[in-house]
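Q: This is a predicted model, with the sequence first.
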Amino acid sequence: MAGSDEPLDESTTPLPGSVSRRAFLASVGAAAAGASALASGTGTGIAEAAAEPASTEVGSDFEYLYRNTPLGEPIPTSVQVADAGTLDGISGLGRDFQRVTDPVAGAYVRLTREEAVEVYQTDGVEAMRFAPGANPFWQLDSYPGRVFPDSSDALDYIAY
């Protein structure tokens, strides 16, 4: 075709180093969809769901899970509080509530999205973070019958 007098059909014969219109638009569409999903998540963030603004620090992993967890499903959460009195105030929320007071006051609890908002707005709650569980590559003491312990069983081994 190079020596022919016929014009090149650009839709079937791409030029070296060029990208077809279809491939370009597909790439742009995929990039835009991915960026949108990463930037906003699929749901509303915890700060937007709260009735009043709070000074509670929320980890980015927790925020992502909050936005993408169905209502009623629990999120394993590490809650850091200012004092033991705050722990008493939130102890009735969530499942598997376990408190610690040394070296800092805090708790491990599995919170639904509704409970997370309530904890988020509680005075004295300083931080909320996703508590995924223990790292299976760490050398721990004996935990028979398990691959690695749950977050609630690993409180003496890890700090969130």
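A: Cool, got the structure.

Q: Tell me where this protein has strands.
A: Secondary structure of the chain by DSSP state E: the strands cover 57-58, 75-81, 95-100, 106-111, 125-130.

Q: Now tell me what touches the fourth one from outside.
A: By that I understand strand 106-111. With contact meaning Cβ atoms under 8 Å, 6 or more residues apart in numbering, strand 106-111 is reached by 74-81, 87, 90-91, 93-100, 119, 131, 151-152, 155. Where you see a C-beta, it was placed from the backbone N, CA and C, and this is true even at glycine.

Q: ok so, going back, right, and the strands of the chain - which one's nearest Ala51?
A: strand 125-130 (15.0 Å; Cβ to Cβ).

Q: the inter-axis angle of the closest one versus strand 106-111?
A: Counting by axes from the mean of the first three to the mean of the last three Cα atoms, to 10 degrees, strand 125-130 lies at 50 degrees to strand 106-111.

Q: Buried ones from the contacts of strand 106-111, can you make that a PyMOL selection?
A: Selecting the buried subset of the contacts of strand 106-111 in PyMOL, with 16 or more other Cβ atoms under 10 Å as the burial test, is done by:
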select buried, resi 74+75+76+77+78+79+80+81+87+90+93+94+97+99+119+131+151+152+155
